[in-house]
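**Q** turn this into a model:
(one chain, ligands or ions: 1)
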Amino acid sequence: MQHDETGGALSEAARAKINLALHVTGRRGDGYHLLDSLVVFPDIADRLSLEPATVSELRLEGPFASMLEGPAQENLVLKAIHRFAETSGTSPDVRLTLEKNLPVASGIGGGSADAAAALRLMERFTRRSLPRQQRLHLALALGADVPVCLLQKPARMSGIGDLLTPAPAMPPAGIVLVNPMEAVSTPAVFKTMTKRDNPPLPNLPEDFPDLAGLCGYLEQTRNDMQAAAEALCPAIADVIATLSALPDVLFARMSGSGATCFALCAPGKESGIAEAVASRHPDWWIASGRL
Ligand code: C5P
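**A** Down below sits the predicted model:
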């Protein structure tokens, strides 16, 4: 077996994908929406590990394992493994263990992050990498957010998720994620939206000098899916109101199609914010980390 630096099975963090800003700028003929989004990956993650096996197999662990619907065979992670094996001419026979720490259908790209981690693991395990365009095509076929999750670095994502440009490095910041524990369907939110031809993101600066600079930029941006998501899931507005009322929260918004919302704060303040939210709303999912 190939081992990683720590001597265990190969393992990858599948970090939450946070849309700091998400503008919907149009709709293609096939119904897919054109987006312009600033995407970041805080250190709050699922974990996927890989070991050699005689058949391909997925084991689910962690607090949200039981929320994954359908048989494990239909999980995007196994689809990713099989597509990679077909395309690269390698064997898909590996045992994957997914520690599902992030809530499902929650606007933070959990399934996409897991699929991207599966592709990165297969590249490491087989020591094969696909040509750039083929790799992007394979990722996009698994889901619109999979290409940006493969990169797992701050990026401006446009097109339907296929056009990626590096974004400036993020300033030191704490982040708190809060989900009211209601699943929201992405297609349902897209369907509920009334306006789909919104202006793109304002130009990104060369870099963000500090957190105030990042928040100042974000104040000029939107999440164009937030109003439609709040109409379907009113608890999102409660989450935003709860976060915004806390003095250490510098900026709060919904990610993706919801219902997870994020709050930005000075580094070190994230645990206190998480505790304050948990004391008021013990039923909500709350995680804190660094941007
Ligand atoms: O690609 P993914 O499976 O993540 O998308 C889920 C659904 O969200 C799609 O089937 C589509 O209805 C919608 N979608 C969209 N425009 C995008 C991404 C997703 O309309 N850019």
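**Q** and the helix ranked longest in the chain, what does it pack onto?
**A** Longest helix in the chain, counting residues (DSSP state H): helix 110-126. Identification of packing neighbours for helix 110-126 by 3 or more Cβ pairs under 8 Å, 6 or more residues apart in numbering; DSSP states H and E yields strand 10-15, strand 45-52, helix 76-88, strand 94-99, helix 132-142, helix 146-151. C-beta here means a position set from N, CA and C on the backbone, and glycine is covered the same way.
**Q** neighbouring strands of the first one in the sheet, and parallel or not?
**A** Applying DSSP bridges, strand 10-15 is found paired with strand 45-52 (antiparallel).
**Q** which stretches of the stretch 151-291 of the chain form strands?
**A** 155-159, 163-166, 174-179, 251-254, 261-265, 285-290 (DSSP state E, counting those that start in this stretch).
**Q** got these as CSV, with mean pLDDT, distance to residue 273 and mean neighbour count columns?
**A** Listed next are these as CSV, based on pLDDT from 0 to 100; distance: least, Cβ to Cβ, whole Å; neighbours: other Cβ atoms under 10 Å:
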stretch, mean pLDDT, distance to residue 273, mean neighbour count
strand 155-159, 97, 26, 20
strand 163-166, 96, 29, 14
strand 174-179, 98, 5, 26
strand 251-254, 98, 10, 22
strand 261-265, 98, 6, 28
strand 285-290, 98, 7, 18
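**Q** quick one, which of these gets closest to the ligand.
**A** Evaluated over the strands of the stretch 151-291 of the chain, closeness to the ligand peaks at strand 155-159, with 7.9 Å, by Cβ to the nearest ligand atom.
**Q** what angle separates that closest one from helix 132-142?
**A** Here the directions of strand 155-159 and helix 132-142 differ by 70 degrees (axes from the mean of the first three to the mean of the last three Cα atoms, to 10 degrees).
**Q** out of the strands of the stretch 151-291 of the chain, which is closest to residue 195?
**A** The closest of these to residue 195 is strand 251-254. By Cβ to Cβ, the value is 16.6 Å.
**Q** which neighbouring elements make contact with that closest one?
**A** helix 211-219, helix 226-232, helix 235-244, strand 261-265.
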